[in-house]
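K.L.:
Kindly generate the corresponding structure for this input.
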Amino acid sequence: MTDETIDELMQATYQALCKHGYAELTMQDIAAESDKSKGTLHYHFEGKQDLLESFLEYLLARFEERTETVPGETPAEQLHEFLDELLTPADEESAEEFRTAILEIKAQSPYNEAYREQLSEFDRALRDRIAGFVADGIEVGEFHDDVDPDETADFLVTLFQGAQTRAAAVDRSPERTKRYVHEYIDETLRTDGSSGPESTYADGGAEADR
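P.N.:
Next up, the predicted model:
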């Protein structure tokens, strides 16, 4: 397949997942969101499971490309920006539908090794990226030297994943978690305890809590 065809089919899969959810999703639903036939989909993929495995792999690749360069002049600023983007959906309505679909896929992962492997890779990519920012912050003296980058990353990924799950399960927007994430970075990790310009992120979280 060409890159253009892959992008089209993955976008169609995204749209179909948002509309139908995991359980009701069919190959015909995905084909209906593109200009490709159901037969074409079956030519490239054995079935829904095979296609969704490729979709998860595609999401991971896109995530790594999108976060290769993170704004910010210091590790703390980059960590703020990275987590702020994770917890700020571009389109709340479609994001809610997609979170629900992904939660359904996650529910299948204990019984589907391929799904579990792809979700584990995404989890690893998140942890590695965050741990890198924390390690850089320690190296330049911006974060406390007794902070463990791996443990901190594990905590923040758990917080992010929990926020996503709560958003899908009980309709609590991840944006409401942002305030506490930014406060954690400034008040727990940073050596100067400074909120600096990043305090505008926390203000946004406070607004969402009202």
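K.L.:
mind checking pLDDT for the nearest residue to Leu126 once chain neighbours are set aside?
P.N.:
Residue nearest to Leu126 in three dimensions, not counting chain neighbours: Val157, with 4.8 Å by CB to CB, 6 or more residues apart in numbering. For every residue, glycine as well, the C-beta is placed using N, CA and C. Val157 carries a pLDDT value of 95.
K.L.:
tell me which element Val157 falls in.
P.N.:
helix 149-170 (DSSP states H and E).
K.L.:
go on, Glu96?
P.N.:
Per DSSP H and E: helix 92-108 holds Glu96.
K.L.:
Now do that helix: everything it contacts.
P.N.:
14, 17-19, 21-23, 52, 56, 89, 115, 119, 164-165, 167-169, 171, 173 (CB atoms under 8 Å, 6 or more residues apart in numbering).
K.L.:
Over to stretch 69-79 now: how far is its first residue from its last?
P.N.:
With CA to CA, to the nearest Å as the measure, stretch 69-79 spans 12 Å from end to end.
K.L.:
Ok, stretch 166-177 next?
P.N.:
Using CA to CA, first and last residues of stretch 166-177 are 10 Å apart.
K.L.:
which parts of it are buried?
P.N.:
For stretch 166-177, the neighbour count (16 or more other CB atoms under 10 Å) marks Arg166, Ala167, Ala168, Ser173, Pro174, Glu175, Arg176, Thr177 as buried.
K.L.:
now stretch 77-85
P.N.:
For stretch 77-85, by 16+ other CB under 10 Å, it's Glu77, Gln78, Leu79, His80, Glu81, Phe82, Leu83, Asp84.
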